[in-house]
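Student: here is a sequence with its predicted model. Questions after.
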Amino acid sequence: MKDIINEFLDYIAYEKKYSNNTEINYEIDLYRFAEFLKINHKNYLKIKYEDVSNFIMSLQKSGYKSTSINRAISTLRSFYTYLEKEKIITSNPFNLVSNLKTDKRLPNYFKYNEYLEMINTLSDSPLDIRNRLILELLLATGMRVSELSSVKMDAIDFNNNEIKVHGKGGKERIVYYGSYAKDALDNYLHNSRNILLNGKNCEFLLVNNNGNPLTSRGIRLIIENIVKKASISSKVTPHTFRHTFATMLLNEGCNIKSVQELLGHASLGTTGIYTHLTNEEVRKVYLNAHPRAKK
């Protein structure tokens with residue numbers, strides 16, 4: 001099974017153009033399933049609905065959340081669809097499997113004053129000049145952390161404040177940044193990047209203190225340290241910036257279709273989760289402002 005898993009991972013990476021993070025998650029799910037089959041002496045080409053059900057129950061007993069189990073189901077459904085496509089099997093056993101019901105959780109976002117507290121922790125050192133650019137670009141563009149770490153110098157249109165982004169599935173889109181991010185970018189390019197490069201050449205915008213491309217993990221650790229310094233109690237990750245970006249735009253009257261395009265969502269339904277956030281803001285305003293809203 002290991003060989004066919006590797007073939008499938010190559011397929012989603014090079015033909016389907018899935019992101020590196022998606023490929024990693026698929027690999028984790030597939031090898032977890034392979035281990036389950038090995039323990040239970042099952043052949044992956046001859047599994048039945050009962051085997052799938054037992055696998056799902058084993059994940060539940062191990063404490064996996066419904067969202068993680070649904071991701072595993074989706075991974076395995078894609079894997080067996082690939083096997084069917086390659087005529088290795090005649091039918092996909094996961095077509096009979098439904099996803100588990102999950103509680104819809106509203107994405108968290110931070111307040112603008114919390115963002116200013118994060119900014120205020122930064123100094124004028126080359127690393128902090130770069131870190132300020134990270135904060136400004138995440139909030140200005142709504143980029144995913146993987147997209148930000150992948151931005152190359154030639155993808156930036158400095159005249160029009162635009163960045164060409166390669167998102168999920170290799171889809172390309174344009175994101176925009178304003179005057180604060182422009183100032184942070186100029187400061188980084190003039191007073192930080194060359195110092196961090198220390199004579200090296202790098203096609204990527206963001207570099208670490210060794211002059212190498214800054215990874216997604218590196219950005220996450222930077223955000224984590226800034227949040228600690230700012231003594232912000234709520235959980236803030238790079239993805240929280242994306243949620244905040246969408247919420248701010250919708251609260252200021254931006255139409256949801258435009259927000260979908262800026263976020264790079266394939267489906268408008270994915271963007272629709274943010275309308276719940278803005279509706280909650282409207283509710284708070286109503287309760288505070290209407291004289292007959294509460295006694």
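Tutor: Sure, I can see it. Numbering: from 1, shown residues only.
Student: only C-alpha atoms from now on, for both contacts and neighbour counts.
Tutor: Will do.
Student: lowest average confidence, helix or strand, in this protein?
Tutor: helix 268-271 (a mean of 62; mean pLDDT, DSSP states H and E).
Student: tell me how many other residues surround residue 253.
Tutor: 9 (other C-alpha atoms under 10 Å).
Student: now it, what's its secondary structure?
Tutor: coil (DSSP: H, G, I helix; E, B strand; the rest coil).
Student: distance check, it against residue 247.
Tutor: Going from residue 253 to residue 247 by C-alpha to C-alpha, to the nearest Å gives 10 Å.
Student: which helix or strand contains residue 116?
Tutor: helix 112-119 (DSSP states H and E).
Student: which strands or helices does that helix pack on?
Tutor: helix 216-229 (3 or more C-alpha pairs under 8 Å, 6 or more residues apart in numbering; DSSP states H and E).
Student: return the distance of the nearest residue to residue 153 once chain neighbours are set aside relative to residue 137.
Tutor: In space, and not counting its chain neighbours, residue 153 is closest to residue 205: 5.2 Å by C-alpha to C-alpha, 6 or more residues apart in numbering. Here residue 205 is placed at a distance of 12 Å from residue 137 (C-alpha to C-alpha).
Student: all strands of the stretch 151-295 of the chain, in order?
Tutor: 156-157, 162-166, 172-176 (DSSP state E, counting those that start in this stretch).
Student: avg pLDDT for the last one?
Tutor: By that I understand strand 172-176. For strand 172-176, mean pLDDT rounds to 88.
Student: quick check: angle from it to strand 162-166?
Tutor: Strand 172-176 and strand 162-166 are oriented at 150 degrees to each other (axes from the mean of the first three to the mean of the last three C-alpha atoms, to 10 degrees).
Student: what pairs with strand 172-176, parallel or antiparallel?
Tutor: Note on strand 172-176: by DSSP bridges, its sheet partners are strand 162-166 (antiparallel).
Student: from the chain's centroid, how far away is the strand it pairs with?
Tutor: With C-alpha atoms, centre = their mean, to the nearest Å as the basis, strand 162-166 stands 16 Å off its chain's centre.
Student: and if you look at stretch 139-155?
Tutor: On C-alpha atoms, centre = their mean, the centre of stretch 139-155 falls 12 Å from the chain's centre.
Student: those helices in the stretch 101-250 of the chain, which residues are they?
Tutor: Secondary structure of the stretch 101-250 of the chain by DSSP state H, counting those that start in this stretch: the helices cover 112-119, 126-141, 145-149, 179-191, 193-197, 216-229, 238-251.
Student: that older thread, which residues touch the residue nearest to residue 153?
Tutor: 149, 151, 152, 153, 213 (C-alpha atoms under 8 Å, 6 or more residues apart in numbering).
Student: list the contacts of the last one.
Tutor: With C-alpha under 8 Å, 6+ apart as the criterion, the residues that contact residue 213 are 149, 202, 204, 205, 206, 207.
Student: closest to residue 182 out of the residues you listed?
Tutor: Closest to residue 182 out of the contacts of residue 213 is residue 205 (13.6 Å), distances taken as C-alpha to C-alpha.
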